[in-house]
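[1] Could you work out the structure for the sequence below:
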Amino acid sequence: MPCYSIEGVIPVVDPSAYVHPTAVLIGDVIVGPDCYIGPAACLRGDFGRIVMHRGANVQDTCVVHGFPAHDTVIEENGHIGHGAVLHSCIVRRDALVGMNAVVMDDAEVGEEAIVAASAFIRAGMKVPPRSLAAGVPAKILRELTEQEIAWKREGTHTYQDLTKRCLASMKEVQPLQEIEADRPKLKAPAVEPLIAAKRN
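    Numbering: from 1, shown residues only. Below is the predicted model:
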């Protein structure tokens, strides 16, 4: 992976974490146990510290950065969807930040809260625990249901499982020129989109 020190500060990655080879880690970045960092994610700890606690994930093309003397923190089982941007903020335990959402300076996403896809969490905003924030700028819409919290938890477990699958089997290869007759199936656990889960 592209990994850079700055002023002698070197990123730290727990051996049980998986960081995709195209992700970039710079400076004061601490990646805890069982974490997943996806392709083309950028964690720039060149101003403030970035901390990922156990089991957190930062998916492909996310950007994580912050101001000097401000930590950007993703607590245990924090779940950061594709393309999200975090800047000098805190994502509490078991919270989810949806795809392409932006969480700004000194904002806090509460424990087990969900920030909807493409939402804009303004600077200093506090998203209460177990609530749904959506919109541009984001507003608190309502409390989450137990079904929604369970769905989020299941989704995070699939990324923790993906961490193990990647550590065990991911490698760079040349593409095949045609599909094999006995093409294998992936061993990913079954998880449905929330909209499908709500229909059941």
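[2] Now for the chain, the helix or strand with the poorest mean pLDDT.
    For the chain, counting by mean pLDDT, DSSP states H and E, helix 194-199 ranks last in confidence among helices and strands (a mean of 64).
[3] check which helix or strand covers the residue nearest to L132 when sequence neighbours are not counted.
    Distances taken as Cβ to Cβ, 6 or more residues apart in numbering put L141 closest to L132, at 4.8 Å, once the chain neighbours are dropped. C-beta coordinates here come from the backbone N, C-alpha and C atoms, glycine included. Assigned by DSSP states H and E, L141 belongs to strand 139-143.
[4] What mean pLDDT does that strand get?
    The average pLDDT within strand 139-143 is 97.
[5] contacts for that strand?
    V127, P128, R130, S131, L132, A133, A134, G135 (Cβ atoms under 8 Å, 6 or more residues apart in numbering).
[6] Most neighbours among these, which one?
    With neighbours defined as other Cβ atoms under 10 Å, the most crowded of the contacts of strand 139-143 is A133; it has 28 neighbours.
[7] just checking, G78 touches V91?
    Yes - counting by Cβ atoms under 8 Å, G78 touches V91, with 4.4 Å between them.
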